[in-house]
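Q: Mind looking at a prediction? Sequence and model below.
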Amino acid sequence: MIERKNMFSLENEKELDIAWCPGCGNFGILNILKKALEEMEEITPNNFVLVSGIGQAAKIPHYFKNNAFNGLHGRTLPVAFAIKATNPDLYVVAESGDGDMYGEGGNHFIHNMRRNINITNIVHDNRVYGLTKGQASPTSQQGMVTPVQVNGVILNPFNPIAVAIANGATFVARAFVGDMQNTKEIIKKAIRHNGYALIDLFQPCVTFNKINTYAWFNEHTYKLREDYDPSDKMQALQIAFQEDKIPLGIIYEEKGKPTFEEQLTIYKQNKDPLFKRSIDLNKLESFINSMR
Amino acid sequence: MNKTIKEDVSIVLSGEAGQGIQTIEGLLTFILKREGYYVFATKEYMSRIRGGSNSTEIRVSSKPVKSYVDKIDILIPLTKSSVEHLGDRVTEDTLIIADNDFLKLENKNLFNVPILSIAKEIGNEIYANIVAVGVILGLFKTNIKTIEEYLKERFGDKGEKIVSDNLKAASEGYKLGKDFSESGEIKIEISANESLKDDLLISGTDAVALGALAGNCDSIFSYPMTPGSGVLVDLANFSKNFDILVEQAEDEIAAINMAIGGWYAGARSMVTTSDGGFALMEEGLSLAGMIESPIVIHLAQRPAPATGLPTRTAQEGLNLVIHAGHGEFPRLVFSPGSLEQAFYLTQKAFNIADKYQIPVFVLTDQFFVDSYYNVKKLDLSKIENKKYFVETTEDYKRYDLSKAKNGVSPRGIPNYGNGLVVVDSDEHDEEGHITEDLDIRIKMVEKRLKKFEALKEDFISPEFYGNDNYKYLVVCWGSNYNVVKEALENINNKDLAMLHFSQVYPIPENAVEFLEKAEKIIDVENNATGQFAKLIRAETGIKIDSKILKFNGMPFSVEELTAKIREELQ
Ligand SMILES: Cc1ncc(C[n+]2csc(CCOP(=O)(O)OP(=O)(O)O)c2C)c(N)n1
Ligand code: SF4
């Protein structure tokens, strides 16, 4: 265990020029995720890939020691999907902001759930666009005034939890970075869940979101009771619509549903990732000849 | 009326979508090929699933035929509007075989054949197309056994009744065709050659898809768009025999990001699309440029802007693929002219993409992907696939400048070796981490652009055809290879030659010699602005004044191009 400690930390971590504002919720997520990974025996920096898009949250892979793919704004999920689908031996976590996942990447968000690929999707939900300086995000509260929404947000907020449950996601959770212990356990369970797992993770943006502050989240969230049964889909949906007090925890979990990769014929006989395989040219030759 | 057709016949079948024109195309070409003929087929169709007017042209010859002709020797219309649809192509010389009890056409070259009545008698109008196939095979006096065998192969799994009904339809038609032939009313004299029996008969789509397989493509991520989707469908079918991951993405943006994700994990991924779909992939292309990811993109062009003419042909995507993506980074564009080239170049595309860590395009078009002809052999004996990723060590850096050769740093993949693989769409340092250091920026830009030099090692020279002492040089690219060649054969002028580019970008350097030697260069392209001529000017400084451009959505016909080139020689 001693050895494992800090294995996801960069050697020069202390001197790292981290691009987040002091007090930003992203720091907490970084620490929690590192702790969660350190506690998971099965994961090493080598067999783990962190995929992100663009935004403040999306910079997270740069403060980690592991494989990382920091791609385009909104395109985190297609990349994460393909990495897992072509090499199922890897643990893949797709992590980015709410603008990235629910806004620019909305189409991918919807359809990757349907795939039930075995990845974990952590969304840093600060209810605002950080990197582009405070415009509304899909989860921004109605009425929130921003540099663009000068008279307040009109649009109805996106409900990732309800959408995910309705859309067949097999693990749907909500967490708050201020609740470190609970969040770490949710992350571990999500990664160990066999199938697509969504964690909508509240993260205060101290610079641009003056409404959803640490205090606000503390006041407006509560932990799901120990005896809450996440397998009850209807109950989970009901909970997903609670707004005055937002539940934290695993809201919905469906076990045993086959994952995308488990259903692929290419892995039925042969478990090798694709990079280890090569076309049999003799077989191809006889195949071509059979077309004559 | 007595008419003899010698050496080369062009048969056109036309009808509504849904009348089985494609089935006829498949049956006839395959059976005639098995009988020892050279065949060529291409279809033109409207963007609809039912109704409209579509046609397929089938050329049958004693010599190799690989291009489209305007002339129609024999027309089999299955609807009244078919003849009108084909317009000027139906001439005094065109023989029409039709069920005139139904179609009520007025034409002096008409042979009334009860195609529909026979089909109805057998039990269903849908057999009309098979009756028509029978008539044509009868004209060729094909061995009836070949027909039987093929119908069994093709419809065997649909049950005995279907096979026997089809057989009945074909043989009823066959008798009628044979009668025409024996009475001397329509005589086809084309010599068959036993040895062609075993030729392959594949389409442009098949050639690209088989080339991908041969290039060790193990995954395809795509969103359907005509005419690029055929490659997705082919690879899906091949996945019954070979390990290929086939995923229909939610959109093109997802598709290209998936393919890049696949390469990151060590797979060999491709996308197939058309111009409009590729337009959505632009940012992904730029991502490949920045993170130095290999990727293979098949793009089958069709007329644009926007949705254009969805089922027609064009070469309008050249500017798009060359300029797509923000920023400056290397890429390579192949545009095969023959089915063989499509096979070998697609295979090569995977290795070049991998070797140089760049995007490689295979640029085709609707006419190309939808055309079939005899191919002797796809030679796999010389094919070499090399996977270029390396096993990483603990100190591995994805963009190691000290280890870069001509801008290419060793590419690691996750979980293969002890190193970590970090890639970033932002400007990054050697380890792959985001940086705003402006000195590193310069080094990284230079590193990426250096590959343009390195790439030269694998350039595909343009193909020269004709007499060495030419005065006139016809320049073409992509699918115009065969039609230009056939036009040149027709013109048979020793001052005239062809230079065909199957690598259109970067322009291979040795092209300059050929271009400079010509007194006059004639550019042939399927677009309205001469995109390739402009590219040559931009890259080599050589100006091309004469252009033969066609952009109505149809391919050049041999007759048309022959006449237009002749005009240029005046
Ligand atoms: C295609 C594209 N559009 C827009 C941008 C600009 N952009 C960068 S980050 C961002 C929003 C980020 O918001 P979010 O995902 O919520 O992350 P946060 O910064 O709040 O962590 C936008 C719009 C971009 N990089 N690419
Ligand atoms: S802008 Fe907001 S999200 Fe971004 S670093 Fe600052 S506090 Fe964090």
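A: Happy to help now that I have it. Ligands and ions are numbered 1, 2, ... in the order given.
Q: what's the burial count for residue 238?
A: Just going to use chain A. 12 (other Cβ atoms under 10 Å in any protein chain shown). For every residue, glycine as well, the C-beta is placed using N, CA and C.
Q: Wait, chain B was what I had in mind.
A: 21.
Q: Get me the contact residues on chain A for ligand 1.
A: Chain A comes close to ligand 1 at residues A:54-57, A:73, A:96-100, A:124, A:126, A:128-132, A:137, as judged by Cβ under 6 Å from any ligand atom.
Q: Show me which of those residues are buried.
A: A:54-57, A:73, A:96-100, A:124, A:126, A:128-131, A:137 (16 or more other Cβ atoms under 10 Å in any protein chain shown).
Q: Strands - which of the residues you listed land there?
A: Judged by DSSP state E, these include A:S96, A:G97, A:H124 as members of strands.
Q: about what we covered before: among the buried ones among the residues of chain A next to ligand 1, which ones are in helices?
A: Residues of those located in helices (DSSP state H): A:D98.
Q: If we check chain B, which of the buried ones among the residues of chain A next to ligand 1 are in contact?
A: Filtering these for neighbours of chain B using Cβ under 8 Å from any Cβ of the partner chain leaves A:I54.
Q: The buried ones among the residues of chain A next to ligand 1 also near ligand 2: which ones?
A: Okay, of these touching ligand 2 (Cβ under 6 Å from any ligand atom), that's A:Q56, A:N126, A:G130.
Q: Does the second one touch A:D100 like I think?
A: The reference is to A:N126. No - here A:N126 lies out of contact with A:D100, judged by Cβ atoms under 8 Å, at a distance of 11.4 Å.
Q: which residues are common contacts for these two?
A: A:A57 (Cβ atoms under 8 Å, 6 or more residues apart in numbering or on different chains).
Q: about what we covered before: quick check, nearest of the ones in strands among the buried ones among the residues of chain A next to ligand 1 to B:G277?
A: A:S96 (24.8 Å; Cβ to Cβ).
Q: That closest one bridge partners, please.
A: For A:S96, the beta-bridge partners under DSSP bridges are A:V123.
Q: B:V475 and B:N493, how far apart?
A: 16 Å (Cβ to Cβ, to the nearest Å).
Q: the more surrounded of the two?
A: Neighbour comparison, B:V475 and B:N493: the larger count goes to B:V475, with 27 against 16 (by other Cβ under 10 Å).
Q: Was I right to think that one contacts B:G530?
A: No - under the criterion of Cβ under 8 Å, B:V475 is not in contact with B:G530, lying 10.1 Å apart.
Q: Alongside ligand 2, which residues does chain B contribute?
A: Residues of chain B lying near ligand 2 (Cβ under 6 Å from any ligand atom): none found.
Q: how deep is the nearest residue to B:L473 once chain neighbours are set aside tucked in, by neighbour count?
A: Closest residue to B:L473 apart from its sequence neighbours, by Cβ to Cβ, 6 or more residues apart in numbering or on different chains: B:A518 at 3.6 Å. When neighbours are counted by other Cβ under 10 Å, B:A518 registers 20.
Q: Can you report phi and psi for B:A518?
A: phi -80, psi 140 (degrees, to the nearest 10).
Q: same deal with the one 10 residues further on?
A: For B:A528, the backbone dihedrals are phi -100, psi -10 (criterion: degrees, to the nearest 10).
Q: Return the residues in contact with it.
A: Taking Cβ under 8 Å, 6+ apart, one finds B:E316, B:L549, B:F551 in contact with B:A528.
Q: Quick check: closest non-adjacent residue to B:G18.
A: Spatially, and ignoring its direct neighbours in sequence, B:G18 is nearest to B:R50 (4.6 Å; Cβ to Cβ, 6+ apart).
Q: mind listing what the one you found touches?
A: Counted by Cβ under 8 Å, 6+ apart, B:R50 has contacts B:E16, B:A17, B:G18.
Q: Let me know the pLDDT of it.
A: On pLDDT, B:R50 comes in at 80.
Q: cool, and B:N129?
A: Confidence score, pLDDT, at B:N129: 89.
Q: Residues contacting the helix or strand where it lies, please?
A: Element membership of B:N129, judged by DSSP states H and E, is helix B:128-139. If you take Cβ under 8 Å, 6+ apart as the criterion, helix B:128-139 is touched by B:11, B:13, B:15, B:19-21, B:23-24, B:27-28, B:31-32, B:74, B:76, B:78, B:97, B:99, B:113, B:115-116, B:118-119, B:147, B:166, B:169-181, B:186, B:188.
Q: how about a cut-off of 7 Å?
A: B:11, B:13, B:19-20, B:23-24, B:27-28, B:31, B:76, B:78, B:97, B:113, B:115-116, B:118-119, B:147, B:166, B:169-178, B:180-181, B:186, B:188 (Cβ atoms under 7 Å, 6 or more residues apart in numbering or on different chains).
Q: List the first helix or strand encountered after that helix toward the C-terminus.
A: helix B:144-155.
Q: quick one: average confidence on that next one?
A: On average, helix B:144-155 scores 86.
Q: again with stretch B:353-362
A: Mean predicted lDDT for stretch B:353-362 stands at 98.
Q: Spell out which parts of the stretch 51-200 of chain A neighbour chain B.
A: A:59, A:62, A:65-72, A:75, A:78-83, A:85-87, A:89-90, A:107-108, A:111 (Cβ under 7 Å from any Cβ of the partner chain).
Q: Just checking, which helix or strand of chain B averages the lowest pLDDT?
A: helix B:144-155 (a mean of 86; mean pLDDT, DSSP states H and E).
Q: Helices of the stretch 351-500 of chain B, residue ranges please.
A: Taking DSSP state H, counting those that start in this stretch to define them, one finds helices in the stretch 351-500 of chain B at B:366-369, B:438-455, B:481-491.
Q: deepest of these, which one?
A: Among the helices of the stretch 351-500 of chain B, helix B:366-369 has the highest mean neighbour count (mean count of other Cβ atoms under 10 Å in any protein chain shown), at a mean of 30.
Q: Distance from it to the middle of the chain?
A: 4 Å (Cα atoms, centre = their mean, to the nearest Å).
Q: Narrow the contacts of helix B:128-139 to those that are buried.
A: Buried among the contacts of helix B:128-139 (16+ other Cβ under 10 Å): B:11, B:13, B:19-20, B:24, B:27-28, B:31, B:76, B:78, B:97, B:113, B:115-116, B:118-119, B:147, B:166, B:169-174, B:176-178, B:180-181, B:186, B:188.
Q: Out of the residues you listed, list just those in helices.
A: B:24, B:27-28, B:31, B:115-116, B:118-119, B:147, B:166, B:169-174, B:176-178, B:180-181.
Q: right, and the secondary structure at B:Q22 would be what?
A: Assigned by DSSP: H, G, I helix; E, B strand; the rest coil, the conformation of B:Q22 is helix.
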